[in-house]
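1. sharing a model prediction with you, sequence too.
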Amino acid sequence: MKKEILNRSVSTVAAAFIAASAISFPSAPEAPEKAVAADTILKYEFEDGETSGGKIHANGASDVKMGDFPDDTDLSGYSGKGFAYLDQKGTTLTIEADVPEDGLYEMTICYCEPSDPRKKVQYLNVNGVNQGELTCPYTNKFAETSGGVVNLKKGKNTIEIKAYWGYTFFDYLTLKPASEKLTELSPTRKLSNPNASDTTKRLYSYLCDVYGKHIIAGQQEYCGDHNYNLWNSPDVFIKDNEAEFEYIQEKTGKQPAIRGIDFLAYNTSSDWRDHAPERVIEWVNKYHGIATVSWHWNVPCEEGSKDIAFYVESANPKYTTFSISNALKEGTWENKVIMADIELIAGELQKLKEADVPVLWRPLHEAEGAWFWWGAEGAEPCKKLYRLLYEKLTNEYGLDNLIWIWTSSASPEAADWYPGDDVVDIIGCDKYNCADGLPNLSSIASTFYSLVQSTDGQKMVTMSENDSIPSLENLVNDKAAWLYFCPWYMTYLTSEQNNPVDNLIEIYNSDYCITLDELPDLKSYPIEGSGEESVIVTTVTSKPITTTSTSAASTTSAKTAETTTTTVSQTVDTISADYRKGDANCDGNVDMADAVLIMQSLANPDKYGVNGTDSHHITSQGQSNGDVDSGSKGLTSNDALEIQRYLLGLVKWDDIIAK
């Protein structure tokens with residue numbers, strides 16, 4: 001039997017120890033300065049730029065082989081002397097934008113894309129860092145599309161378009177100062193369901209408090225039933241096949257605060273069930289985490305079929321011909337299926353309600369991509385189905401424990417798909433932009449602020465799925481204040497081409513990232529406007545522990561609250577000032593930062609080893625201090641583990657050094 005990934009005896013106070021002792025990084029993205037007039041528009045012609053593999057048409061369409069394009073293609077409406085063209089994947093087009101002040105700028109790009117009746121998608125890079133995707137819908141003449149909102153530095157900035165689908169003409173690019181509202185990040189404090197339960201309101205209040213100040217760590221579990229030995233312990237549902245969570249624990253010493261769980265086994269066309277609702281309940285009530293639930297909605301592959309699928313034919317060999325338009329019409333076989341499935345899923349969500357478990361509920365995700373049946377027939381039927389689902393679950397079945405997430409994008413078409421502010425609480429984005437076998441640690445700030453802008457800042461924005469976790473440096477420097485990240489399972493997390501170990505360690509152990517041990521008691525977290533107060537332990541090590549008293553309007557997470565001088569009893573052993581065992585970073589204290597430095601030095605010796613390039617690398621004295629586990633020679637992960645066990649109160653210091 002595998003070792004359990006979480007120690008279930010960790011107390012609330014012990015959890016706060018780790019929160020207060022993590023390595024310090026910038027605590028939150030700060031709003032960039034705004035000194036440029038709001039009506040200032042800066043314009044740059046692409047024919048004046050540079051290309052690698054593309055073509056510059058500096059004399060208009062005179063040297064364009066028009067026979068290579070559809071007959072109705074019209075390139076006559078260009079600006080300036082001409083335009084540029086990218087075709088093959090990997091070709092680039094670069095301009096240098098000189099801006100007068102640091103800040104956020106709205107980018108608009110004039111283009112012509114006559115080759116694909118739907119759209120072409122390119123990569124957008126700013127100052128060498130990928131900022132997400134540039135969507136170019138079909139147009140047979142020059143038209144404008146949004147390039148999103150980008151964070152630029154005063155002076156010269158390099159803006160590059162890199163072909164992904166290519167085959168697009170580019171005329172010019174404009175920049176203008178973005179609205180100051182985008183940097184305020186003050187979403188509505190009201191949930192879409194006015195009858196939401198107190199526990200649901202408490203979770204939402206907490207999310208609002210940390211939004212813009214921290215990012216919450218999340219992880220999607222491997223789909224399916226993890227309980228191969230269910231007969232042996234029928235009341236334990238989180239135990240087997242926990243590879244992703246064991247991996248994170250091993251590499252970082254931490255656990256994600258949010259667990260992603262899929263209800264793909266829950267439909268009336270199949271008898272297979274995988275205890276996903278039970279895992280949600282256990283994660284929230286036993287591990288005191290946050291759960292986000294998606295639903296890959298399986299339906300019959302065709303009428304009368306026993307086979308089920310959620311993909312359409314163009315996306316997967318196993319597909320369904322199920323029609324969403326028919327499903328919205330009473331009397332059709334498809335309508336009977338969805339109504340029965342909604343009733344079934346309501347029963348599973350009812351289990352969570354009865355257990356007082358709120359969830360971040362994310363149905364009909366990635367609809368705009370059209371690879372799932374619920375998005376295959378366009379925006380209108382998808383919005384109708386979403387609103388039907390909201391109406392049934394919220395009003396008919398009385399599920400007051402759901403926080404509704406709509407998965408969107410920065411595409412110009414995204415607004416057409418949005419179901420409406422009255423049925424959405426959080427905007428999500430599923431980020432998969434690794435390419436050529438390499439990780440992509442970009443914060444995709446352009447996408448983040450485009451999504452903030454899409455609801456005028458009224459909804460929080462989160463990275464609801466992803467491959468690479470953005471680096472701490474990019475998140476802070478780009479001011480991309482995603483609510484949480486949540487890598488997909490297996491190699492999306494564990495491969496170096498998606499998530500390098502040193503990046504994983506850095507983000508999980510930074511002050512900016514909130515992990516499971518750093519969550520407050522969400523069942524008693526103050527609701528905005530209620531006048532309730534909470535007391536949270538915020539400072540530890542060998543000094544007196546201090547407490548914080550805050551109101552609901554304050555930021556009361558263990559990482560954001562301001563401390564007072566109230567002293568409470570000491571609950572950990574004090575190490576004398578002249579005793580160095582465990583003090584791997586030689587700062588005079590033994591805390592979580594020492595365990596993290598040990599793990600960093602082992603995982604990335606070139607950066608954090610004795611001769612490492614990082615200014616905070618371990619020293620020879622630190623190596624000697626950190627070698628506390630007598631069962632292993634030299635510095636190993638066991639030393640970091642012993643320090644963590646001590647900090648959690650599971651072992652006394654004398655017991656460690658006496659081994």
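-> Arrived safely, thanks for sending. Residues are numbered from 1 along each chain as shown.
2. how near is residue 407 to residue 124?
-> As judged by CB to CB, to the nearest Å, residue 407 and residue 124 stand 20 Å apart. No exception for glycine: its C-beta is placed from N, CA and C like everyone else's.
3. ok, residue 594 next?
-> For residue 594, the distance to residue 124 (CB to CB) stands at 41 Å.
4. comparing those two, which residue is more hemmed in?
-> The neighbour count for residue 594 versus residue 124, taken as other CB atoms under 10 Å, is higher for residue 594 (28 against 25).
5. ok, residue 300 - contacts?
-> Counting by CB atoms under 8 Å, 6 or more residues apart in numbering, residue 300 makes contact with 269, 306-308, 320, 322, 337.
6. switch the cut-off to 7 Å
-> Contacts for residue 300 (CB atoms under 7 Å, 6 or more residues apart in numbering) come out as 269, 308, 320, 322, 337.
7. in those, which residue is surrounded by the most others?
-> Busiest of the contacts of residue 300 [other CB under 10 Å] is residue 322, holding 27 neighbours.
8. and the closest residue to residue 623 other than its chain neighbours, how many neighbours does it have?
-> Using CB to CB, 6 or more residues apart in numbering and skipping the chain neighbours, the partner closest in space to residue 623 is residue 635 (5.3 Å). When neighbours are counted by other CB under 10 Å, residue 635 registers 24.
9. just confirm residue 635 is within a helix.
-> No: counting by DSSP: H, G, I helix; E, B strand; the rest coil, residue 635 falls outside a helix, being coil.
10. pretty sure it sits against residue 626.
-> Yes: between residue 635 and residue 626 there is a contact at 5.6 Å, judged by CB atoms under 7 Å.
11. so what does residue 275 look like in phi/psi?
-> Main-chain torsions, residue 275, degrees, to the nearest 10: phi 60, psi 30.
12. contacting residues around stretch 463-473?
-> In contact with stretch 463-473 (CB under 7 Å, 6+ apart) are residues 25, 220, 362, 405, 407, 428-432, 434, 439-443, 480, 482, 484-488, 492, 498-499, 503-504, 506-507, 510, 512.
13. run through who's touching the longest helix seen in the chain.
-> Across the chain, the helix with the greatest residue count (assigned by DSSP state H) is helix 333-354. Helix 333-354 has contacts (CB under 7 Å, 6+ apart) with 263, 266-269, 277, 280-281, 295, 297, 299-300, 303, 322-323, 326-329, 359, 389, 392-393, 397, 399-402.
14. so which of the residues you listed sit within strands?
-> Among these, the ones falling in strands (DSSP state E) are 299-300, 359, 402.
15. and which of these is nearest to residue 198?
-> For those, the minimum distance to residue 198 (CB to CB) is 14.1 Å, reached by residue 402.
16. for that closest one, give its distance to residue 446.
-> With CB to CB as the criterion, residue 402 and residue 446 are 30 Å apart.
17. again with residue 526
-> 35 Å.
18. same thing with residue 604?
-> 29 Å.
19. picking that back up, quick one, what contacts the residue nearest to residue 623?
-> Residues counted as contacts of residue 635 (CB under 7 Å, 6+ apart) are 598, 602, 623, 626-627.
20. how about residue 361?
-> Contacts of residue 361 (CB under 7 Å, 6+ apart): 293, 402-405.
21. mind putting the residues you listed into JSON lines with neighbour count?
-> As requested, those are exported to JSON lines (neighbours: other CB atoms under 10 Å):
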{"residue": "293", "neighbour count": "24"}
{"residue": "402", "neighbour count": "26"}
{"residue": "403", "neighbour count": "24"}
{"residue": "404", "neighbour count": "22"}
{"residue": "405", "neighbour count": "25"}
